[in-house]
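> Got a predicted structure here, sequence first:
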Amino acid sequence: MKKSILKYLERQEYISGEILAKKLGISRVAIWKQIQKLKNMGYKILSNQNLGYCLVSSPDLLLPEEIQKELSTIYVGQKIYYFYDLESTNITAKEKALSTKEKIDECTVIIAEKQTGGKGRLGRKWLSPKGGIWLSIILYPQISPSYIPRITLMTAVAVVKAIEKYTQIEAKIKWPNDILVNGKKACGILTEMSAELDLINWVVVGIGINANINQGEFTDDLRDTSISLKEVLGKEISRISLVRTLLKEFEKDYEALKRREFPSILKEWKLFSNTLGKTIKVNIGEQIVTGKAIDINEKGALIVKKQDGELVEIISGTILKVNKREK
Ligand code: BTN
């Protein structure tokens, strides 16, 4: 109902409660109640006894009705759960995916203004103050669990394209899924899933973009390695527009993935990579592999050529050190 009222408010300067009530088939009191709710959400709406209601401004919040206003996707983000603060959008997305009470559609989005317990890869914390974009997408892909890294790589490609399209900032991907701007981390991706042998129950793709965050807000340990888009551009960006662009890019690439067109995504990933061709040190849990990153294979694994010529396929790990590109 709030969405429909907003549509009318946006169309003209003043609209009377009576006309709104007629158009939407509810009472004037119900309209008044919805207007109060919109005001509480941060919409500035003037009320005039003779003229009716007039929308002055919308809040700078990632509200579903704002995102969906000009969202041109077919299904990604057509259902959005919004929270002002949340422990973690990934945790809520997992709870939704597991819920037996409600059916959660593919590509439902969970979004929050801030997270109190944002989750990073490998059990790390993810700093998530207000001003960032913290969202998770719920998927039910019909692929083998071993191909999950493809979804992470595909997401990284979609994020880079969205950032470039919307802000013209050049972004790079550090394998597997760190998005870097000027060599510093601007976005992280955390993919979690539930699967049985050959069957995926659900996948949650969590995306965290340091959008409008002040450099001073990064904790000491992150300050030298993290960056926000606001800092790069020297001004705030419209988070709503970036989210719309991201959901659109995500849908295009997810569709390509479902059509088994991973090679074309991989090609783009390689184009955006800041890892390939460099000598790197990768922590793969039980050991550290040093060598030249020479390729990514069709499973999304990084191929590292060690000094003795041995090729190592790394499906999951963390790059500790990157040396300059070698000829
Ligand atoms: C990383 O360590 O690079 C991954 C960071 C992923 C952060 C995002 S923010 C939205 C979603 N919810 C979380 O708790 N984590 C992911």
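The structure has been received and is ready for your questions.

> Which pLDDT value goes with the residue in the stretch 151-300 of the chain that the ligand sits nearest to?
Using CB to the nearest ligand atom, the single residue of the stretch 151-300 of the chain nearest to the ligand is Gly188, 2.3 Å away. Every residue, glycine included, has its C-beta placed from N, CA and C. At Gly188, the predicted lDDT confidence score is 97.

> how close does it get to Val76?
The spacing between Gly188 and Val76, counted by CB to CB, to the nearest Å, is 20 Å.

> Repeat that for Asn40.
Counting by CB to CB, the gap from Asn40 to Val76 is 29 Å.

> okay, the two: which has more neighbours?
More neighbours surround Val76 than the other of Asn40 and Val76, with 23 against 8 (other CB atoms under 10 Å).

> if I look at that one, how far off is Arg150?
Taking CB to CB, one finds Val76 at 17 Å from Arg150.

> same check, this time on Arg121
Going from Arg121 to Arg150 by CB to CB gives 17 Å.

> Please identify which of these two sits among more neighbours.
Per other CB under 10 Å, whichever of Arg121 and Arg150 has more neighbours is Arg150, with 20 against 17.

> Check what pLDDT Lys130 gets.
94.

> which SS class is it?
coil (DSSP: H, G, I helix; E, B strand; the rest coil).

> if I pick it, what's in contact with it?
Residues in contact with Lys130 (CB atoms under 8 Å, 6 or more residues apart in numbering) are 113-114.

> gap between it and the ligand?
Separation of Lys130 from the ligand (CB to the nearest ligand atom, to the nearest Å): 13 Å.

> Which positions in the chain make contact with the ligand?
88-90, 115, 118-121, 124, 126, 128, 134-136, 178, 188-190, 206-208 (CB under 6 Å from any ligand atom).

> List only those of the residues you listed flagged as buried.
Neighbour counting with 16 or more other CB atoms under 10 Å marks 88-90, 115, 118-119, 121, 126, 128, 134-136, 178, 188-190, 206-208 as buried within the residues of the chain next to the ligand.

> and those residues, which of them are in helices?
Among those, the members found in helices (DSSP state H) are 89-90.

> Now intersect the buried ones among the residues of the chain next to the ligand with the strands, please.
Within those, residues falling in strands by DSSP state E are 115, 134-136, 178, 188-190, 206-208.

> What is the lowest-pLDDT residue among those?
Asp178 (94).

> shouldn't it be in contact with Lys185?
Yes. The pair Asp178 and Lys185 qualifies as a contact (CB atoms under 8 Å) at a distance of 5.4 Å.

> Quick check: the nearest residue to Ser72 once chain neighbours are set aside vs Asn50, distance?
Excluding the flanking residues, the one nearest Ser72 by CB to CB, 6 or more residues apart in numbering is Lys248, at 5.9 Å. Using CB to CB, Lys248 is found at 42 Å from Asn50.

> Which one's more surrounded, these two?
The neighbour comparison of Lys248 against Asn50 (other CB under 10 Å) goes to Lys248, with 20 against 6.

> list the contacts for the more buried one?
Listed by CB under 8 Å, 6+ apart, the contact partners of Lys248 are 71-73, 76, 162.

> Tell me if it really is in a strand.
No. Secondary structure assignment (three-state DSSP) places Lys248 in helix, not in a strand.

> between the contacts of Lys248, which is closest to Asp220?
Using CB to CB, Ala162 is the member of these that lies nearest Asp220, at 29.6 Å.

> need the contact list for the closest one.
Contact analysis of Ala162 by CB under 8 Å, 6+ apart lists 242, 245-246, 248-250.

> Kindly reformat these as CSV containing pLDDT.
CSV is the format used below for these (pLDDT from 0 to 100):
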residue, pLDDT
Leu242, 97
Thr245, 98
Leu246, 98
Lys248, 98
Glu249, 98
Phe250, 98
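
> Which parts of this protein are strands?
Using DSSP E, strands in the chain cover 44-48, 52-57, 80-86, 109-115, 133-139, 172-174, 178-181, 184-196, 199-209, 278-283, 288-296, 302-305, 311-314, 318-325.

> which one of those has the most crowded surroundings?
strand 133-139 (a mean of 26; mean count of other CB atoms under 10 Å).

> Residues touching it, excluding its own?
Under CB under 8 Å, 6+ apart, the answer for strand 133-139 is 62, 76-77, 89-90, 92-93, 96-97, 104, 106-115, 118, 128, 151, 202-209, 211, 239, 242-243, 246, 250, 254.
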